[in-house]
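S.K.: this one's structure only:
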C-alpha cells in the first residue's frame, strides 16, 4: 500500500498528520487485525464448547464443603475462565504460557527487554502469540481510539483532588458508558449471537482510553493539572501512558510494560475479575462491568495491598533502620505477628510457592536497582519471613506475592504517591477481565445466579 505524503507550509502540522497516516497504514497492512482473528476463531470455539457440554454436561467436577461455603467459596470449582489459569505451584499461566515464557516469546518494543501488554492482550483473546506487526497494528488502533469525550474530561477536571484516585477512575469509566456500542446495539435489538462483537468494540475503546483517564487523574491529583494528555501514534500503549504521566526515564517505561503485563489477569475467581464477569452476566456493558470491578480492586485485601506493603516497610525502616540485622528483622516481624497483625505481601489464597510475578519484579530490580536501600530491605525480608511463617504453623503459603515488590520499584523511579498505585493495577487488569468478557458473550454464558442457603438449611441438609 502506497503512502501519500502531505506537504504544507505548516511543517509541524504536516509532520503530525503524516505520522498519524503512517500508523494507520501500518495497522491496515498487518497480516490480519485482532477482530478478524477473533471472527475466525469464535465459531470454532463455540462449536467445541457446545459439543463438550453435550457430552459431559452432567459430569461432576469437585465437591463443595461447608467450610468452602462459609470461607468465601475458597476452592470451589464453579467458574469458566478462558484467558488464564492459576496453578498452586507454578503460578499464573496466560493461555498456557508462564510469565517467563511470556517474557521470552511476546513481542517487545524496539531495544526493549520486557513484553508489550498489547501482545499479552492478543494472546489472552486468541490463545496465539502475535507477530511484531500485529502488535504494532494494535498499538496504532488503540492510539486511534484513545480520545476522551469532552464530558468525561470536564468531569475529571472538576473532581476534588482529595477524592481517592480509584474513586475517580470508577466514576470516569462509568461516565464513558454514555458512548457504549454494546448498550446501543442491545437497545436496538441486536441478535445475541452478535453480542461479542459490540463487547469487543467497547473493550477496545475502554482499554485505549484508560491511560488517558488514569494520567488525567494523576496530573490533576498530584501535579496541579499540569501534564500532557496527547497520544503519540508512534508510541506503544505503555510508552504513551508513561509520557502522559510526565516521566521520561526509559527504564520506567520498561518497568511499566512489565507491570501492565503481569498484573493483567489472575484467572476468574479474584474479586475484580469475578465482579466484571458477574456484572457483565447481567448484560451490563463493559464500562459498567469494569467500573464495578474497579470498586472491588480498590479494597485493601485486593489491589490496595501493594500500598499496605510499602507502609509496613517504611514503618520497619523507621523503627529498626533501613539496614537492620537479621535478628532485628526477626524481632520486628515476631512483634508484628504477636500483635495480631499480618506481614503484608506474604501468603496467597491459591499459590503455595513464591509468586512468579514477585520473582520477575525481583529480577528487574536486580538488573536495574540492585543497590537501592528499599529493594535491599525487601530482599532481607524475603529471606526472613517465610521461615518465621512456617514456624508459626498457621499459614498455608509463607511465600511473597506480587504486592511484596511492586511499590518499591515505583518508589525508586519517583512515583511516590501510594494512593495511585491501585490505578496502575486497574489499567493493567482491564486487559484480562475485558478479554474474558468478550469470551463470556461469545460463548453465550448466562446470568450468574448461584444458590445460597441459610445456616439452618445447611444444618438440615447435613442431618439428612
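M.R.: Noted; the coordinates are in hand. For clarity, every value in this text was computed on a predicted model and none was experimentally measured.
S.K.: Below-threshold pLDDT in the chain: ranges please.
M.R.: Low-confidence segments of the chain, defined by pLDDT under 70: 1-32, 349, 351, 394-395.
S.K.: can you point me to the longest helix in it?
M.R.: Scanning the chain for the longest helix, with DSSP state H as the assignment, gives helix 195-222.
S.K.: right, and the helix or strand after that helix?
M.R.: Sequence-wise, the next helix or strand downstream of helix 195-222 (DSSP states H and E) is helix 237-245.
S.K.: Run the angle between that next one and helix 195-222 for me.
M.R.: Inter-element angle recorded for helix 237-245 and helix 195-222: 30 degrees (by axes from the mean of the first three to the mean of the last three CA atoms, to 10 degrees).
S.K.: Show me what helix 237-245 is packed against.
M.R.: Packed against helix 237-245 by the contact rule (3 or more CB pairs under 8 Å, 6 or more residues apart in numbering; DSSP states H and E) you find helix 117-126, helix 132-144, helix 195-222, helix 250-262. (Glycine included, C-beta is placed from N, CA and C.)
S.K.: Quick check: which of the ones you listed is nearest to residue 165?
M.R.: helix 195-222 (5.1 Å; CB to CB).
S.K.: Report the angle between that closest one and helix 117-126.
M.R.: Going by the same axes, to 10 degrees, helix 195-222 makes 150 degrees with helix 117-126.
S.K.: which strands and helices sit next to helix 195-222?
M.R.: helix 34-56, helix 132-144, helix 150-157, helix 165-176, helix 181-187, helix 237-245, helix 286-297, helix 421-442.
S.K.: neighbouring contacts of the longest one?
M.R.: Spelled out, it's helix 34-56. 122, 125-128, 134, 137-138, 141, 196-197, 200, 204, 438-439, 442-444 (CB atoms under 8 Å, 6 or more residues apart in numbering).
S.K.: which one is residue 271 nearest to, not counting chain neighbours?
M.R.: Ranked by CB to CB, 6 or more residues apart in numbering and with sequence neighbours excluded, the top spatial neighbour of residue 271 is residue 296, at 4.1 Å.
S.K.: Domains in the protein, by residue range?
M.R.: 142-298+417-442, 305-412 (automatic domain parsing).
S.K.: so of these, which one's packed in deepest?
M.R.: domain 142-298+417-442 (a mean of 21; mean count of other CB atoms under 10 Å).
S.K.: for that domain, how far is the first residue from the last?
M.R.: By CA to CA, to the nearest Å, the extent of domain 142-298+417-442 from end to end equals 22 Å.
S.K.: So what's the gap between that domain and the chain middle?
M.R.: When distances are taken as CA atoms, centre = their mean, to the nearest Å, domain 142-298+417-442 is centred 10 Å away from the chain's centroid.
S.K.: Over to stretch 381-398?
M.R.: Mean-position distance between stretch 381-398 and its chain equals 28 Å (CA atoms, centre = their mean).
S.K.: Show me what that stretch is in contact with.
M.R.: With CB under 8 Å, 6+ apart as the criterion, stretch 381-398 contacts 313, 316, 326, 329-330, 333-334, 337, 343, 346-348, 351-353, 362, 399-400, 404.
S.K.: Same check on stretch 92-99?
M.R.: Counting by CB under 8 Å, 6+ apart, 83-87, 90-91, 102, 105, 120, 123-124, 127, 129, 262, 264-267, 356-357, 359-360 sit against stretch 92-99.
S.K.: again, only this time at 6 Å
M.R.: 84-86, 102, 123, 127, 266, 356, 360 (CB atoms under 6 Å, 6 or more residues apart in numbering).
S.K.: Let's have the helices and strands packed on helix 195-222 in JSON lines, adding distance to residue 114.
M.R.: Shown next, in JSON lines, are the helices and strands packed on helix 195-222 (distance: least, CB to CB, whole Å):
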{"stretch": "helix 34-56", "distance to residue 114": "21"}
{"stretch": "helix 132-144", "distance to residue 114": "13"}
{"stretch": "helix 150-157", "distance to residue 114": "29"}
{"stretch": "helix 165-176", "distance to residue 114": "24"}
{"stretch": "helix 181-187", "distance to residue 114": "32"}
{"stretch": "helix 237-245", "distance to residue 114": "9"}
{"stretch": "helix 286-297", "distance to residue 114": "23"}
{"stretch": "helix 421-442", "distance to residue 114": "13"}
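S.K.: out of these, nearest to residue 410?
M.R.: Comparing the helices and strands packed on helix 195-222 by CB to CB, helix 421-442 comes nearest, at 6.3 Å.
S.K.: returning to that earlier point: can you tell me which of the contacts of stretch 381-398 are in strands?
M.R.: Assigned to strands by DSSP state E, none of the contacts of stretch 381-398 qualify.
S.K.: and the gap between residue 81 and residue 162?
M.R.: Distance of residue 81 to residue 162, given as CB to CB, to the nearest Å: 37 Å.
S.K.: swap that for residue 340, please
M.R.: 31 Å.
S.K.: circling back: make a markdown table from the helices and strands packed on helix 237-245 and add distance to residue 413 to it.
M.R.: A markdown table is the format used below for these (distance: least, CB to CB, whole Å):
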| stretch | distance to residue 413 |
| --- | --- |
| helix 117-126 | 18 |
| helix 132-144 | 22 |
| helix 195-222 | 14 |
| helix 250-262 | 4 |
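S.K.: Out of those, which is closest to residue 460?
M.R.: Ranking these by proximity to residue 460 (CB to CB) places helix 195-222 first, at 40.5 Å.
S.K.: relative orientation of the closest one and helix 34-56 in degrees?
M.R.: Using the same axes, to 10 degrees: helix 195-222 against helix 34-56 is 120 degrees.
S.K.: got the angle between helix 195-222 and helix 150-157?
M.R.: 40 degrees.
S.K.: tilt between helix 195-222 and helix 132-144?
M.R.: 60 degrees.
S.K.: and residue 127, how many neighbours?
M.R.: 16 (other CB atoms under 10 Å).
S.K.: Need phi/psi at the nearest residue to it once chain neighbours are set aside.
M.R.: Excluding the flanking residues, the one nearest residue 127 by CB to CB, 6+ apart is residue 95, at 4.7 Å. Torsion angles at residue 95 (phi, psi; degrees, to the nearest 10) stand at phi 50, psi 40.
S.K.: How many neighbouring residues does residue 95 have?
M.R.: Number of residues near residue 95 (other CB under 10 Å) recorded here: 19.
S.K.: That one and residue 139, how far apart?
M.R.: 20 Å.
S.K.: Could you do residue 185 as well?
M.R.: 27 Å.
S.K.: ok, now residue 108?
M.R.: Residue 108 is 12 Å from residue 139, by CB to CB.
S.K.: Among these two, which residue is more densely surrounded?
M.R.: residue 139 (28 against 17).
S.K.: The residue lying closest to that one once chain neighbours are set aside and residue 118: what is the separation?
M.R.: Spatially, and ignoring its direct neighbours in sequence, residue 139 is nearest to residue 236 (4.7 Å; CB to CB, 6+ apart). Separation of residue 236 from residue 118 (CB to CB): 7 Å.
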